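> Predicted model and sequence below, questions to follow.
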Amino acid sequence: MKPSTTTSASAILGVGHHVPSKVVTNHDLAKLMNTSDEWIVQRSGIKERRFIEHSGIGASDLAVPASNMALEHAGLSAGDVDAIVFATLSPDHNFPGSGCFLGDKLGLPGVPALDVRNQCSGFLYGLSIADAWVRAGVYRHVLLVGSEVHSTGIELTDRGRDVAVLFGDGAGAAIIGPATRPGQGIRSIELHADGSGAKELWVEAPASAYAPRLTAEMLVEGKHFPAMNGKQVFRWATEKMPEVSRAVLARAELTAAEVDLFVPHQANLRINQLVCQKLGIPEAKTVANIEKYGNTTAATIPLGLSEAWREGRCGAGSHVLMAAFGSGFTWGGAVVTL
Ligand code: UT7
C-alpha cells in the first residue's frame, strides 16, 4: 500500500471497459420468449446486448480487461493500485466480494478490496468512496470497477420477459487518483437512497431473512430472479435523475449548458430522453449505448464514459455530468472535469 501524501483534488485518470463477445439480439430473445424486436426497441431502445460466452465467467473476469485498459489509459500498471472498489449486483459468488477475486486475478495480494452493493448507482457510490480516500490521502490510486454478469440470473422465459429483455453483461473501470492539472478533478457528488422502494426492483432469494434461504418452491416460483415494478421505477428515475443532476451542477458551479458530456445510467432510452429534455442537455452531448449493450447496471457509466473518451467525445478539460437511478431505490449524480 502506498498512501497518498497530498490532499489535492482527486480526478479520473483513466477509464476502460470490456464486454463479452457473444451478441444476443432481440430476435434471438424472441425465440426464447413471447417478445418482439419491435416491443423491446419501442419501450427501451435496446437492440442487442452481450452475454458471457460460457459458464464460469464472473463479474471479476469481465473486470480484468476493463481494469487493464483503464490502467493503461492512466499510464499506470497494476502495481500502482493501492485499493479496489468493486460495484456489482451480480458478484461472482455470494461471498467473498468480487473485489477480492479481481485483486487476485490482477496479482495484487494485500491490496484492500471493497465491494459496493448499490446496483445501478454503484459506480457513483464507489466514486464517492474513491474520491474521499484519494483526497484524504488514505490511498493514492483507487481502481474503481462496475461489472455485471446478468445473463446467468435472468429468466429467459415468458414469465421473466419484462426484466430479461433489459439486461446485459459488461464491465467498466476507472482509476481515481490525485489531479495533475489545474481545474481537473471530481467537482461534486451527491448520493441518495429510499428503501421504501426496495421491493419495487429486487431479487427476493436466497435471503438471510428466510430459513432456509432458498427452497425448491422458491426456485419454482422464480424468487431468485429479479422482479420489477417497471412503471414505478420509470416514474422515480425520470424525477430523481434530473433533480440530482441539477444539484451536482449547482455544487460544481456549472450550468447545464456548460456540460460537455452527459453520461446517464443506461436503463431505458426513453428515460434518458426525458431526463435530457428536463435538463435542457442535447442528446448529441449525451451517451446512449443501451442499443448495443442493454442495461449493465453498475457498469453503464464507466462503460459509456470509456467509449465516449475513446471516440473523442470528451477529453482533458471536459466537464462530464453523470447520473444514475436504480434498485434500492438508490440514485446519485456527479460532475467531473477530466
Ligand atoms: O436500471 C434499473 C432501473 N430500471 C429501470 O429504470 C426500468 C424502468 N422501467 C422501464 O423501463 C419500463 O417500465 C419497461 C421497459 C420495463 C416496461 O415498459 P412499460 O411501457 O412500462 O410496459 P409495461 O410494463 O406496462 O408492459 C406493457 C405490456 C404488458 O402487457 P399488457 O398488460 O398491456 O397486456 C406487458 O405484459 O407489455 C407486456 N410486456 C411485454 N411484451 C413483449 C412486458 N414485457 C414484455 C416483453 N415483450 N419483453
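Yes, it's here. Numbers count the residues shown, from 1 in each chain.

> Please report the distance of the closest residue to Leu32 other than its chain neighbours from the ligand.
Nearest non-adjacent residue to Leu32, counting by C-beta to C-beta, 6 or more residues apart in numbering: Leu156, 4.8 Å away. Just so you know, the C-beta spots here come from the backbone N, C-alpha and C atoms, and that holds for glycine as well. Using C-beta to the nearest ligand atom, to the nearest Å, Leu156 is found at 11 Å from the ligand.

> try Met33
Distance, Met33 to the ligand, by C-beta to the nearest ligand atom: 7 Å.

> Could you give the number of residues near the residue nearest to Leu32?
By other C-beta atoms under 10 Å, 18 other residues sit near Leu156.

> surely it meets Met33?
Yes - counting by C-beta atoms under 8 Å, Leu156 does reach Met33; the two are 6.3 Å apart.

> would you list every one of the strands in the stretch 151-300 of the chain?
Per DSSP state E, counting those that start in this stretch, the stretch 151-300 of the chain carries strands over the ranges 170-178, 185-193, 201-202, 227-228, 261-264.

> what does the stretch 201-338 of the chain have sitting close to the ligand?
For the stretch 201-338 of the chain, the residues in contact with the ligand (C-beta under 6 Å from any ligand atom) are 230-231, 233-234, 237, 267-268, 271, 295, 297, 326.

> So for the residue of the stretch 1-150 of the chain found nearest the ligand, what's the nearest residue that isn't a sequence neighbour?
Across the stretch 1-150 of the chain, the shortest distance to the ligand (C-beta to the nearest ligand atom) belongs to Thr35, at 3.3 Å. Nearest residue to Thr35, sequence neighbours excluded (C-beta to C-beta, 6+ apart): Arg161, at 5.1 Å.

> same question, Tyr293
Using C-beta to C-beta, 6+ apart and skipping residues adjacent in sequence, the residue nearest Tyr293 is Gly168, 5.0 Å away.

> Name the residues contacting each of Leu156 and Met33.
Common neighbours of Leu156 and Met33 (criterion: C-beta atoms under 8 Å, 6 or more residues apart in numbering): Ala164.

> related to what we said a few turns ago, pull out the buried residues from the residues of the stretch 201-338 of the chain next to the ligand.
230, 233-234, 237, 267-268, 271, 295, 297, 326 (16 or more other C-beta atoms under 10 Å).

> Pick out the most distant pair among these.
Maximum pairwise distance in these, criterion C-beta to C-beta, is 15.9 Å, between Phe234 and Thr297.

> circling back to that earlier point, output the buried ones among the residues of the stretch 201-338 of the chain next to the ligand as TSV; include the columns pLDDT and distance to Ser10.
As requested, these are exported to TSV (pLDDT from 0 to 100; distance: C-beta to C-beta, whole Å):
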residue	pLDDT	distance to Ser10
Gly230	96	36
Val233	97	31
Phe234	97	33
Ala237	98	28
Ala267	98	27
Asn268	97	31
Ile271	98	29
Asn295	98	28
Thr297	98	24
Gly326	97	24
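
> In helices, which of the residues you listed fall?
Residues of those located in helices (DSSP state H): 230, 233-234, 237, 271.

> picking up where we left off before, and the residue of the stretch 1-150 of the chain closest to the ligand, how many residues sit next to it?
19.

> same check, this time on Leu214
Using other C-beta under 10 Å, the number of residues around Leu214 comes to 14.

> quick one: it from Phe167, how far?
Leu214 is 21 Å from Phe167, where distance means C-beta to C-beta, to the nearest Å.

> For the most centrally placed residue in the chain, give me its contacts.
With distances taken as C-alpha atoms, centre = their mean, the chain has Ala298 as the residue nearest its mean C-alpha position (2.1 Å). Ala298 is in contact with 87-89, 116, 118-120, 122-123, 126, 146-148, counting by C-beta under 8 Å, 6+ apart.

> Moving C-terminal from whichever helix or strand Met322 is part of, which element do we reach first?
Assigned by DSSP states H and E, Met322 falls within strand 319-326. Later in the chain than strand 319-326, the nearest helix or strand by DSSP H and E is strand 330-337.

> Just want the angle from that next one to strand 185-193.
On the basis of axes from the mean of the first three to the mean of the last three C-alpha atoms, to 10 degrees, strand 330-337 is oriented at 170 degrees to strand 185-193.

> Next, the angle from strand 330-337 to strand 170-178.
Using the same axes, to 10 degrees: strand 330-337 against strand 170-178 is 50 degrees.

> Quick one: list the elements packing against strand 330-337.
Strand 330-337 sits against strand 10-18, helix 122-136, strand 185-193, helix 230-251, strand 319-326, with contacts defined as 3 or more C-beta pairs under 8 Å, 6 or more residues apart in numbering; DSSP states H and E.
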